[in-house]
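Participant: Sequence unavailable; structure follows:
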Ligand code: SF4
Ligand code: MG
């Protein structure tokens with residue numbers, strides 16, 4: 001499939017007083033047309049900063065962006081702020097964990113969606129309202145015409161997230177960036193929203209960048225996975241390869257710590273010892289070495305380069321070809 005978005009050596013550095021914080025450090029991966037790419041990592045890994053960098057929503061200074069963000073033939077780091085405004089909310093939409101931060105509490109959701117439609121499609125009020133109701137139908141909100149007149153607080157968390165998705169998709173974006181959109185929801189609602197996003201992606205042909213700390217979520221919907229850690233991309237590949245042939249110890253650790261949705265299987269949750277290092281005190285050598293069960297002397301001294309282990313499968317580890325492959329029971333994506 002054709003590439004929609006291509007990040008090349010993206011760096012988002014923050015110049016803060018004495019410190020240089022490399023929040024995103026040399027990230028390279030693609031999002032193809034019509035696919036879902038899962039960006040996985042613990043908090044502080046640079047997932048959200050990557051998303052905000054793509055939309056150029058970070059204040060510059062202190063943030064300095066470099067590298068390339070190629071999207072539909074242009075480098076988003078080179079175009080004007082005016083052109084960037086057309087990209088935001090037009091060709092690229094974003095949804096967040098907490099819809100209440102993006103929804104206005106004193107306006108009905110139908111009104112808010114209609115206004116966003118009017119902004120991008122120059123429709124009359126009446127047709128924008130009809131389109132808003134149609135969008136609420138599309139995201140499977142029951143009795144959409146009645147719900148459209150309700151205020152955000154009258155909807156459940158799941159319904160609000162659906163409304164946000166409706167608003168985000170109302171401009172027919174080529175790319176939807178979803179930053180932990182299901183994290184605040186209960187497991188059942190979480191699944192419904194995941195499959196809604198997957199369905200809509202199929203139906204509309206929108207590409208999706210799905211940010212999450214849960215590799216299990218990615219197994220449900222993603223085509224490709226990018227594993228991030230302390231600003232670095234540690235592994236990138238097809239979801240099947242990441243689950244069955246992971247080539248980075250961190251991916252292996254994440255696979256073992258996937259919370260089981262089916263509790264009756266009763267697998268033990270294996271926590272990864274240690275924490276993500278603070279970005280202003282990154283270790284020498286491989287940034288994962290203090291937590292890596294496979295670290296050798298060399299890892300403490302030299303940072304490993306990217307290795308292409310297979311077509312479209314990238315890893316950053318000295319020992320990628322000496323790793324154990326995961327126990328099937330643990331790694332099988334839950335379906
Ligand atoms: Fe572990 Fe070494 Fe690979 Fe880093 S380079 S992930 S420390 S084995
Ligand atoms: Mg985040």
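Facilitator: On my side now, so go ahead. Model, not experiment: these values are computed from the prediction. Ligands and ions are numbered 1, 2, ... in the order given.

Participant: List the residues that contact residue 215.
Facilitator: By CB atoms under 8 Å, 6 or more residues apart in numbering, residue 215 lies in contact with 38, 40, 225, 254-255, 257-258. (Each C-beta comes from the backbone N, C-alpha and C, glycine too.)

Participant: Quick check: residue 206 touching residue 177?
Facilitator: No - at 10.7 Å, residue 206 does not count as touching residue 177 under the criterion of CB atoms under 8 Å.

Participant: which of those two has more neighbours?
Facilitator: It is residue 177, of residue 206 and residue 177, that has more neighbours when counted by other CB atoms under 10 Å, with 27 against 22.

Participant: Just the element for that one, please.
Facilitator: Per DSSP states H and E: residue 177 is located in strand 175-179.

Participant: how far is the very next helix or strand once past that strand from where the chain is centred?
Facilitator: Next helix or strand after strand 175-179 toward the C-terminus (DSSP H and E): helix 187-204. Here helix 187-204 is found 15 Å from its chain centre; the criterion is CA atoms, centre = their mean, to the nearest Å.

Participant: so what's residue 75 closest to, chain neighbours aside?
Facilitator: residue 68 (5.4 Å; CB to CB, 6 or more residues apart in numbering).

Participant: any idea how far the one you found lies from residue 120?
Facilitator: Look at residue 68 and residue 120: by CB to CB, to the nearest Å, they are 27 Å apart.

Participant: again with residue 62
Facilitator: Going from residue 62 to residue 120 by CB to CB gives 31 Å.

Participant: who's more crowded, the two?
Facilitator: Using other CB under 10 Å as the criterion, residue 62 and residue 120 rank with residue 120 on top: 16 against 13.

Participant: wait, doesn't residue 177 sit right on residue 55?
Facilitator: Yes - judged on CB under 8 Å, residue 177 makes contact with residue 55 at a distance of 7.4 Å.

Participant: what about the closest residue to residue 48 other than its chain neighbours, distance to ligand 1?
Facilitator: Closest residue to residue 48 apart from its sequence neighbours, by CB to CB, 6+ apart: residue 179 at 5.6 Å. Noted for residue 179: a distance of 26 Å to ligand 1, by CB to the nearest ligand atom, to the nearest Å.

Participant: burial count for residue 179?
Facilitator: 19.

Participant: show me the contacts for it.
Facilitator: If a contact means CB under 8 Å, 6+ apart, then residue 179 has 47-48, 51, 94-97, 211 as its contacts.

Participant: Apply 7 Å and report the result again.
Facilitator: Counting by CB atoms under 7 Å, 6 or more residues apart in numbering, residue 179 touches 48, 51, 94, 96-97, 211.

Participant: so what's it bridging to?
Facilitator: residue 211 (DSSP bridges).
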